[in-house]
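Asker: can you look at this prediction? I've put the sequence above it.
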Amino acid sequence: MAQLGVTIGNLQLSNPVLTASGTFGYGEEFSDFIDLDRLGGFIVKGTTLEPRQGNDYPRMVETPSGMLNAVGLQNKGVDYFIENIYPRLIKYSSEIIVNISGSSVDDYYKVAEKLNTLPRINAIEVNISCPNVKTGGMAFGTTTSGAASVTKAVREAFDKTVIVKLSPNVTDITEIARAVENEGADAVSLINTLMGMAIDVERQRPYLSTYTGGLSGAAVRPVAVRMVWQVHKAVNIPIIGLGGIMNGRDALEFILAGATAIEVGTANFINPAATVEIVKYIDDYCRRHNVNDINQLIGII
Amino acid sequence: MLKLTPLDRGISLSDMNIRPGQFVQVKTPDNATFLRRPISICNIDFFSNQLWILVRDAGNGSRAIMNSPVNSKLNIILPLGNGFAVDKSGPSPILIGGGVGVAPLLMLGAELKERGIQPTFLIGARNKEAILLEKELSAYGPVFVSTDDGSYGSIGLVTQNPVLDNNFSSIYCCGPLPMMKAVAKIASAKSLFCEVSLENVMGCGIGACLCCVEKTTEGNLCVCKEGPVFNINKLLWHN
Ligand SMILES: Cc1cc2nc3c(=O)[nH]c(=O)nc-3n(C[C@H](O)[C@H](O)[C@H](O)COP(=O)(O)OP(=O)(O)OC[C@H]3O[C@@H](n4cnc5c(N)ncnc54)[C@H](O)[C@@H]3O)c2cc1C
Ligand SMILES: Cc1cc2nc3c(=O)[nH]c(=O)nc-3n(C[C@H](O)[C@H](O)[C@H](O)COP(=O)(O)O)c2cc1C
Ligand code: FES
């Protein structure tokens, strides 16, 4: 076996394969299909300060080689996570990363502070694609100042590894990446979903209750690879790449473009064993190409 | 109707503890669609180790499944969802199906019969050609038919079928949403135990994406995991 271990901040991952938040539940949903301990880690559902019911149904529609979703961060809140879900997850040996969201900087701070007390949570992933209620709903992640303010708050509240997850719905993703690096983010992950819309022409109405939603799946991959490649040239912190990774080949595209680790998202819906198959593919690939350490492949393009 | 046998002969469907009302997630042949498609388990033939699914042409995915050639392979995940509460039927349940919604009622009928209970079936469709499974269902109990155009059985909707004037101990229903809502109304009026099987659009089918939710008295619940079968008292259909 090739050396597949990678480092993200203070996290030592046994391999570069993680799961994307919102597509892997709390991991448990997949325990019938895979051995969760064979993943580098898993990133659980978006967690907020207060419980959220999410958006109205319909929340999902299939689109060419992808899907639009408008789940709207349905979750039972950070306290419920700490009391009821975290104790069930600690039996797994792979890293458990919590994805956090908020509608104000203070929300992010409080959620991060609470998670900081959990010994098995060594990293959080900060979703900055959420609307900022104070600025009329514009997403934190679409301006350098918004992204920086969230990163700064979370950095103060959380002593361990902070990963900031970038929104692709911006003109220049490298300036956002640099802004969060300057505020002390240990790593960035990209991309979150691309904003999209689909209309049922027979009924003459949008498919989603919210009209617009987030595009994910194979359709977004070329955009995501391009952004990872650009950000790799712009920052010195590790990058976690995601967006449309369906198999091992796709994962390598991101690693070659500059990703130290990758996340598997929508692919889990189609093939619940996709993650472990990707780990195996990467190992085989390294052997085929006489690479004895995966780190030698990162960002060689 | 497709009859599927596990590729691995060592797998016995009878060991899977499959319940009527559960479903499978089918990967559509030749990647006709990006996501899998949910399809009800129609029947399990334990003798020949076969799983039956009944598929209607609703678009690219269902058409690709229907057209899979004999002896081809289909990649499916099963069993998914909760299934009907068979033990709540009482002595005289009525099983109401609309269109392809009759599919899960076949296995439910078989299970009830096994428990010594004879169900009554009421099935409806647009016209005579669209009436499905009548013969198969009749092995487990009497079958009443409604067609919209009156080309077979009673004319009109299932809810207008005179058989509903009889007394039943419970109702199990699967079909188009307006039909299930109308049936739920009748069940509420008569205070009958009533379960319906919902067909919300699904992403994953295993409770991971939260795309398939239905508003209930317990908040948004995943139809793929807490359903697809719901007691009507849990649903917020009256408002
Ligand atoms: C629990 C459950 C059991 C079902 N059982 C059966 C069955 O036994 N036989 C049968 O023929 N059909 C069944 N369906 C419906 C079937 O899943 C849809 O008809 C099918 O997914 C349509 O896909 P398509 O690609 O053919 O059509 P599309 O062109 O994708 O869509 C046609 C219609 O189907 C709906 N639909 C699309 N994708 C999905 C999806 N992923 N999940 C649910 N609905 C969708 C759309 O809203 C649209 O109205 C069931 C659905 C559910 C949720
Ligand atoms: C149903 C669904 C729910 C999601 N929920 C979240 C979330 O809570 N937090 C988050 O940061 N990203 C969320 N995402 C975005 C994914 O984590 C990922 O960034 C995106 O789907 C792109 O990757 P993919 O194409 O591999 O799925 C969600 C995506 C989907 C499809
Ligand atoms: S379809 Fe994904 S949670 Fe139900």
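Answerer: Now that the structure is in, tell me what you want to look at. Ligands and ions are numbered 1, 2, ... in the order given.

Asker: could you list which residues are in contact with B:G153?
Answerer: Contact partners of B:G153, counting by C-beta atoms under 8 Å, 6 or more residues apart in numbering or on different chains, are B:131, B:144-147, B:161. Every residue, glycine included, has its C-beta placed from N, CA and C.

Asker: rerun that using 7 Å as the cut-off
Answerer: B:144-147 (C-beta atoms under 7 Å, 6 or more residues apart in numbering or on different chains).

Asker: reformat the residues you listed as CSV; add neighbour count, distance to A:S93 and secondary structure.
Answerer: What follows is the contacts of B:G153, written out as CSV (neighbours: other C-beta atoms under 10 Å in any protein chain shown; distance: C-beta to C-beta, whole Å; DSSP: H, G, I helix; E, B strand; the rest coil):
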residue, neighbour count, distance to A:S93, secondary structure
B:F144, 20, 58, strand
B:V145, 18, 58, strand
B:S146, 25, 58, strand
B:T147, 22, 59, strand
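
Asker: quick one: which of those residues is nearest A:P58?
Answerer: Closest approach to A:P58 among the contacts of B:G153 (C-beta to C-beta): B:S146, at 29.1 Å.

Asker: wouldn't the closest one be in contact with B:Y152 here?
Answerer: No: counting by C-beta atoms under 7 Å, B:S146 sits too far from B:Y152 to count as a contact (8.6 Å).

Asker: show the end-to-end separation of stretch A:259-271, please.
Answerer: This stretch, stretch A:259-271, spans 23 Å end to end (C-alpha to C-alpha, to the nearest Å).

Asker: and that stretch, does that touch ligand 2?
Answerer: Yes: looking at stretch A:259-271 against ligand 2 by C-beta under 6 Å from any ligand atom, the contacts come from A:265-266.

Asker: so is that stretch next to chain B?
Answerer: Yes: on the criterion C-beta under 7 Å from any C-beta of the partner chain, stretch A:259-271 is in touch with chain B at A:268-270.

Asker: contacts for that stretch?
Answerer: Applying C-beta under 7 Å, 6+ apart, the contact partners of stretch A:259-271 are A:6, A:8, A:13, A:16-20, A:23-24, A:30, A:40, A:43, A:67, A:189, A:216-217, A:228, A:238-242, A:245-246, A:251, A:254-255, A:274-275, A:278, A:298, B:27, B:35-36, B:203-204, B:208-209.

Asker: one more: stretch A:18-35?
Answerer: Residues from elsewhere that reach stretch A:18-35, judged by C-beta under 7 Å, 6+ apart: A:36, A:39-46, A:71, A:85, A:88-89, A:92, A:99, A:125, A:127, A:240, A:242, A:261-266, A:268-269, A:272-273, A:275-276, B:206-209.

Asker: tell me the buried residues within those.
Answerer: Buried by 16 or more other C-beta atoms under 10 Å in any protein chain shown: A:36, A:39-46, A:71, A:85, A:89, A:92, A:99, A:125, A:127, A:240, A:242, A:261-266, A:268-269, A:272, A:275-276, B:206-209, out of the contacts of stretch A:18-35.

Asker: got the residues of chain A near chain B?
Answerer: Within chain A, the positions near chain B by C-beta under 7 Å from any C-beta are A:23-25, A:29, A:53-54, A:57-60, A:62, A:65-67, A:69, A:71, A:74, A:217, A:268-270, A:272.

Asker: need the residues of the stretch 1-150 of chain A near ligand 2, please.
Answerer: Selection of the stretch 1-150 of chain A residues close to ligand 2 by C-beta under 6 Å from any ligand atom yields A:20-23, A:45-46, A:69, A:71, A:73, A:99, A:127.

Asker: list the ones among those residues that fall in strands.
Answerer: Filtering those for membership in strands, criterion DSSP state E, returns A:45-46, A:69, A:99, A:127.

Asker: can I get those residues in TSV including distance to B:R126 and pLDDT?
Answerer: Compiled in TSV, these are given as follows (distance: C-beta to C-beta, whole Å; pLDDT from 0 to 100):
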residue	distance to B:R126	pLDDT
A:K45	42	93
A:G46	43	95
A:N69	33	96
A:N99	47	97
A:N127	47	96
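
Asker: return the member of those nearest to ligand 3.
Answerer: Nearest to ligand 3 among these, counting by C-beta to the nearest ligand atom, is A:N69 at 9.8 Å.

Asker: my read is that the closest one contacts A:M60, right?
Answerer: Yes: A:N69 is within contact range of A:M60, at 5.0 Å (criterion: C-beta under 7 Å).

Asker: mind listing the shared neighbours of the two?
Answerer: Shared contacts of A:N69 and A:M60 (C-beta under 7 Å, 6+ apart): B:C211.

Asker: just put the residues of the stretch 1-150 of chain A next to ligand 2 in CSV and tack on distance to B:R19.
Answerer: Shown next, in CSV, are those (distance: C-beta to C-beta, whole Å):
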residue, distance to B:R19
A:A20, 32
A:S21, 32
A:G22, 29
A:T23, 27
A:K45, 28
A:G46, 32
A:N69, 29
A:V71, 28
A:L73, 32
A:N99, 34
A:N127, 37
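
Asker: now, of the residues of chain A next to chain B, which are buried?
Answerer: A:23-25, A:29, A:54, A:57-60, A:62, A:66-67, A:69, A:71, A:74, A:217, A:268-270, A:272.

Asker: and A:Y86, how many neighbours?
Answerer: Using other C-beta atoms under 10 Å in any protein chain shown, A:Y86 is surrounded by 20 other residues.

Asker: quick check: nearest residue in space to it, chain neighbours excluded?
Answerer: Distances taken as C-beta to C-beta, 6 or more residues apart in numbering or on different chains place A:L118 nearest to A:Y86, at 5.9 Å, with adjacent residues excluded.

Asker: look at the residue in chain B that ligand 2 sits nearest to and report its pLDDT.
Answerer: In chain B, the residue that lies nearest ligand 2 is B:C209 (4.1 Å; C-beta to the nearest ligand atom). With respect to pLDDT, B:C209 has a value of 96.

Asker: and the residue in chain A that ligand 1 sits nearest to, how far from A:G213?
Answerer: Per C-beta to the nearest ligand atom, A:E62 is where chain A lies closest to ligand 1, at 5.9 Å. Using C-beta to C-beta, to the nearest Å, we find A:E62 at a distance of 12 Å from A:G213.

Asker: repeat for A:L166
Answerer: The gap separating A:L166 from A:G213 is 18 Å, by C-beta to C-beta.

Asker: swap in A:V264?
Answerer: 20 Å.

Asker: I figured B:V55 hits B:S62, correct?
Answerer: Yes: between B:V55 and B:S62 there is a contact at 5.3 Å, judged by C-beta under 7 Å.

Asker: the two: which has the busier surroundings?
Answerer: The residue with more neighbours, out of B:V55 and B:S62, is B:V55; 22 against 19, by other C-beta under 10 Å.

Asker: that's a helix at the more buried one, yeah?
Answerer: No: remark: B:V55 does not belong to a helix; assigned using DSSP: H, G, I helix; E, B strand; the rest coil, it is coil.

Asker: next up, the contacts around it.
Answerer: B:2, B:39, B:62, B:65-66.

Asker: of the residues you listed, which pair is most distant in space?
Answerer: Greatest spatial distance among those (C-beta to C-beta): B:L2 and B:S62, at 11.2 Å.

Asker: low-scoring stretches of the stretch 51-200 of chain A, by residue?
Answerer: The stretch 51-200 of chain A contains no residues with pLDDT under 70.

Asker: around ligand 3, pick out the residues from it.
Answerer: Counting by C-beta under 6 Å from any ligand atom, no residue of the stretch 51-200 of chain A is near ligand 3.

Asker: give me the residue from chain B nearest ligand 1.
Answerer: Counting by C-beta to the nearest ligand atom, chain B gets nearest ligand 1 through B:G59, at 2.1 Å.

Asker: that residue: how many residues sit nearby?
Answerer: 12.

Asker: okay, now the domains of chain B?
Answerer: B:2-80, B:86-197 (automatic domain parsing).

Asker: for the shortest one, give the mean pLDDT please.
Answerer: Just to be clear, that refers to domain B:2-80. Here domain B:2-80 scores 95 as its mean pLDDT.

Asker: right, I'll call it a day here.
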